[in-house]
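Undergrad: Okay, sequence plus prediction incoming.
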Amino acid sequence: MLTKLFGAAVQGIDATIVTIEVNSSRGIKFFLVGLPDSAVKESHERIMSALQVNGYKFPTCQIVVNMAPADIRKEGSSYDLPLAIGILAATGTVSSDKLNRYLIIGELGLDGNLQPIKGALPIAICAREQGLEGLILPKQNAREAAVVNNLKVFGVENITEVIEFFNGIRTLEPTIVNTREEFYRSQDNFPFDFADVKGQENVKRALEVAAAGGHNLIMIGAPGSGKSMMAKCLPSILPPLTLAESLETTKIHSVAGKLGKDSSLIAVRPFRSPHHTISQVAMVGGGSSPQPGEISLAHNGVLFLDELPEFNRSVLEVLRQPLEDRRITISRSKYTLEYPASFTLIASMNPCPCGYYNHPTRHCVCSPGQVQRYLNKISGPLLDRIDIQIEIVPVPFEKLSEQTRGESSAAIRERVIRARQIQANRFAHDAGVHCNAQMSSRLLHQYALPDEKGLSLLRNAMERFHLSARAYDRILKVSRTIADLENAEHIQPHHLAEAISYRNLDRENWAG
């Protein structure tokens, strides 16, 4: 008897329907074809144990299972449940009347209980696109998949529930999630607030400009001056995610298995802070079983690299292309995948090995050569791609001991949202451009040309500090954002002056 049912394979951040064909005939062998990996082949033992523990017998006839399309490699243990149901349906234990209306996915334990899977959200989206009536998957993933509307999502705990459902003995209740209500309810949950930061008004201003225009930023200062704390406060002033951005972000985290139990949509922009020992593959993604890297997990959010010079230079260099293209293409001999990587890069570093170069009160013990070698760990091309470079000095005791709180993140966020709305209106007809940091040269000439006085100021800065052509573009983009924060139609000289002040590390004499 031949039976067909549907599973799914995740490729990149999207899913593809896998048709599982099971044929039973006379004989005693078990064949599994369709390019399965070791984890899929091992499903035979898990299925046998799960059926035996729950009172069902594994068929004694010959079973041939084909997983189509056969040119896509089937990876992981999430095919256990559809394979088990298909085998039982082919031998008449499970009714096949409703099988073609559902997508089935799930990993079986030896006792028949279902374990959570990765990629439930893209699988649910795929099921809806294929016009299927419902999705059956482990209960732990039900809320994640239920954010997809017009699809019945059934979360189950044991294989017996699925068998009884298809045999008409049991009724399964679909999981209902009010997507919009949950999304908007969770948008303002931030663990850090700028109101708790003492002093550092110039750095707060730089972070506000970075948030308003989507600019990359690096903070350089002595240990204990507040670099990490202020970086962690940045998500609290970024504009809220839209539903479309939230869905795309959740898909990436779903594929990577980073969503918590019973999670639904990610409502807050991600903040990723990898350790400086991270490898290239972990940063950009890929591997033998392809997974999104840190730059993709930070999509629509912040990638924070603390102690930037301590990162392996080769790891930092792989950031150059994603910072420009906002996507990462991973090409290997067996596959080519593309992951989104539109993130705001925030980096921090000490100015020298001892950490006290340019410190107002403590003496630096490093020679000028040591300082320069330390800074040279970060390549010029990477530094050129960082729009804002800001120095931080330690907060004096008088500021630390103040009892008054600073300006709250909520107040700063309002200004950022207004500036982003101006940019959204400006780039409404430019596909793929959402903020000033994404402007091309054509758009710069259209929206960010200063007047004669501003050009003179910019010319003097370029000649005095020996700035590159890319730095010229970055200054114009940042000055356009500063003008937007003031709701100014044209870039004024004081906007340019502030933007030029954010290019500290471009100055040839900065390290002595």
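TA: Everything's here; your move.
Undergrad: so where's the longest strand in this structure?
TA: As far as residue count goes, and with DSSP state E defining each element, the longest strand of the chain is strand 14-25.
Undergrad: how long is stretch 332-340 end to end?
TA: With CA to CA, to the nearest Å applied, stretch 332-340 spans 17 Å between its terminal residues.
Undergrad: Report the buried residues of the longest strand of the chain.
TA: Within strand 14-25, the residues that qualify as buried by neighbour count (16 or more other CB atoms under 10 Å) are 14-15, 17-18, 20-24. Glycine gets a C-beta too; all of them are placed from N, C-alpha and C.
Undergrad: Reformat those residues as a markdown table; add distance to His275.
TA: Formatted as a markdown table, the entries for these read as follows, by distance: CB to CB, whole Å:
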| residue | distance to His275 |
| --- | --- |
| Asp14 | 30 |
| Ala15 | 31 |
| Ile17 | 38 |
| Val18 | 36 |
| Ile20 | 41 |
| Glu21 | 46 |
| Val22 | 46 |
| Asn23 | 50 |
| Ser24 | 52 |
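Undergrad: Widest-spaced pair of these?
TA: Farthest apart among the buried residues of strand 14-25 by CB to CB are Asp14 and Ser24. That separation is 32.9 Å.
Undergrad: still on that earlier bit, make a markdown table from the buried residues of strand 14-25 and add pLDDT to it.
TA: Converted to a markdown table, the buried residues of strand 14-25 look like this (pLDDT from 0 to 100):
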| residue | pLDDT |
| --- | --- |
| Asp14 | 91 |
| Ala15 | 93 |
| Ile17 | 95 |
| Val18 | 96 |
| Ile20 | 96 |
| Glu21 | 95 |
| Val22 | 94 |
| Asn23 | 94 |
| Ser24 | 90 |
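Undergrad: Quick one: end-to-end distance for stretch 134-146.
TA: For stretch 134-146, by CA to CA, the gap between its terminal residues amounts to 10 Å.
Undergrad: now it: mean pLDDT?
TA: Mean pLDDT, stretch 134-146: 94.
Undergrad: please begin residue numbering at 826 from this point
TA: Okay, using 826 as the starting number, the last item reads as stretch 959-971.
Undergrad: now it, how far from the centre of its chain.
TA: Distance of stretch 959-971 from its chain centroid, counting by CA atoms, centre = their mean, to the nearest Å, is 22 Å.
Undergrad: With stretch 1118-1133 instead?
TA: In terms of CA atoms, centre = their mean, the centre of stretch 1118-1133 is found 8 Å from the chain centre.
Undergrad: what is the mean pLDDT for it?
TA: Averaged over stretch 1118-1133, pLDDT sits at 94.
Undergrad: Count the residues that sit near the closest residue to Val1190 other than its chain neighbours.
TA: Computed as CB to CB, 6 or more residues apart in numbering, the closest residue to Val1190 that is not its neighbour in sequence is Cys1179, at 5.1 Å. A count of nearby residues for Cys1179, using other CB atoms under 10 Å, gives 18.
Undergrad: what residues does stretch 840-855 touch?
TA: Around stretch 840-855, the neighbours that count as contacts under CB atoms under 8 Å, 6 or more residues apart in numbering are 826-835, 859, 869, 884-894, 897, 899, 904, 907-908, 911-912, 914-916, 928, 944, 947-948, 950-951, 955.
Undergrad: Which of those are buried, as a ChimeraX select command?
TA: The command below creates a ChimeraX selection of those among the contacts of stretch 840-855 that count as buried (16+ other CB under 10 Å):
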select :828,829,830,831,832,833,834,835,859,869,884,888,889,890,892,899,904,907,908,911,912,914,915,916,928,944,947,948,950,951
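Undergrad: From the contacts of stretch 840-855, which land in helices?
TA: Helix and strand membership here follows DSSP state H; of the contacts of stretch 840-855, those in helices are 869, 907-908, 911-912, 914-915, 947-948, 950-951.
Undergrad: Which of these sits closest to Asn983?
TA: The shortest separation between Asn983 and any of the ones in helices among the contacts of stretch 840-855 is 15.3 Å, and it belongs to Pro907 (by CB to CB).
Undergrad: Contacts only, for the closest one.
TA: With contact taken as CB under 8 Å, 6+ apart, Pro907 is in contact with 830-832, 845, 929-931.
Undergrad: what's the answer for Ile1213, then?
TA: Ile1213 is in contact with 1031, 1034-1035, 1040-1043, 1303, 1327, counting by CB under 8 Å, 6+ apart.
Undergrad: can you pick the most crowded of these?
TA: Each of the contacts of Ile1213 was scored for neighbours by other CB under 10 Å, and Val1303 scores highest at 30 neighbours.
Undergrad: what's the closest non-adjacent residue to it?
TA: Distance criterion CB to CB, 6+ apart; nearest residue to Val1303, sequence neighbours excluded, is Ala1324 at 4.0 Å.
Undergrad: you'd agree the one you found is up against Ile1300?
TA: Yes. Ala1324 is in contact with Ile1300 according to CB atoms under 8 Å; the separation is 4.7 Å.
Undergrad: What's the separation between the residue nearest the centre of the chain and Arg1005?
TA: For the chain, Leu1122 is the residue whose C-alpha lies nearest the centre (CA atoms, centre = their mean; 2.4 Å). Distance, Leu1122 to Arg1005, by CB to CB, to the nearest Å: 24 Å.
Undergrad: Ser902 falls within a helix, correct?
TA: No. Counting by DSSP: H, G, I helix; E, B strand; the rest coil, Ser902 is located in no helix; its state is coil.
Undergrad: beta partners for the residue nearest to it when sequence neighbours are not counted?
TA: Computed as CB to CB, 6+ apart, the closest residue to Ser902 that is not its neighbour in sequence is Glu932, at 4.2 Å. Glu932 has these beta-bridge partners by DSSP bridges: Gln940.
Undergrad: wait, doesn't Glu932 sit right on Ile942?
TA: Yes. With contacts defined as CB under 8 Å, Glu932 counts as touching Ile942 at a distance of 5.9 Å.
Undergrad: So for those two, which residue has more residues nearby?
TA: Neighbours were tallied for Glu932 and for Ile942 using other CB under 10 Å; the higher tally belongs to Ile942 (26 against 21).
Undergrad: how about the more buried one, what does it touch?
TA: In this structure, Ile942 makes contact with 901, 903, 930-932, 962-963, 966, judged by CB under 8 Å, 6+ apart.
Undergrad: ok, the residue lying closest to it once chain neighbours are set aside to Pro999 distance?
TA: In this structure, Ile942 finds its nearest non-sequential neighbour in Ser903, 4.3 Å apart by CB to CB, 6+ apart. Distance of Ser903 to Pro999, given as CB to CB: 20 Å.
Undergrad: Who has more neighbours out of these two?
TA: Looking at Ser903 and Pro999 with other CB under 10 Å, you find the greater number of neighbours at Ser903, namely 31 against 13.
Undergrad: Now for the more buried one: which residues touch it?
TA: Each residue near Ser903 by CB under 8 Å, 6+ apart is listed here: 832, 930-932, 942-944.
Undergrad: thinking again about what came up before, and of the buried residues of strand 839-850, the nearest to Met1174?
TA: Minimum distance to Met1174 across the buried residues of strand 839-850 is 37.0 Å, recorded for Asp839 (CB to CB).
Undergrad: Tell me, what's the model's pLDDT at the nearest residue to Asp839 once chain neighbours are set aside?
TA: With CB to CB, 6+ apart as the measure, Pro947 is the residue that lies nearest to Asp839, at 5.5 Å, once sequence neighbours are left out. Predicted confidence (pLDDT) for Pro947: 95.
Undergrad: Would you agree Pro947 is in contact with Leu928?
TA: No. The pair formed by Pro947 and Leu928 falls short of the contact definition of CB under 8 Å, at 11.7 Å.
Undergrad: circling back to that earlier point, can I get the contacts of Ile942 in TSV with distance to Glu1216?
TA: What follows is these, written out as TSV (distance: CB to CB, whole Å):
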residue	distance to Glu1216
Gly901	48
Ser903	50
Ile930	52
Gly931	54
Glu932	52
Leu962	51
Pro963	51
Asn966	47
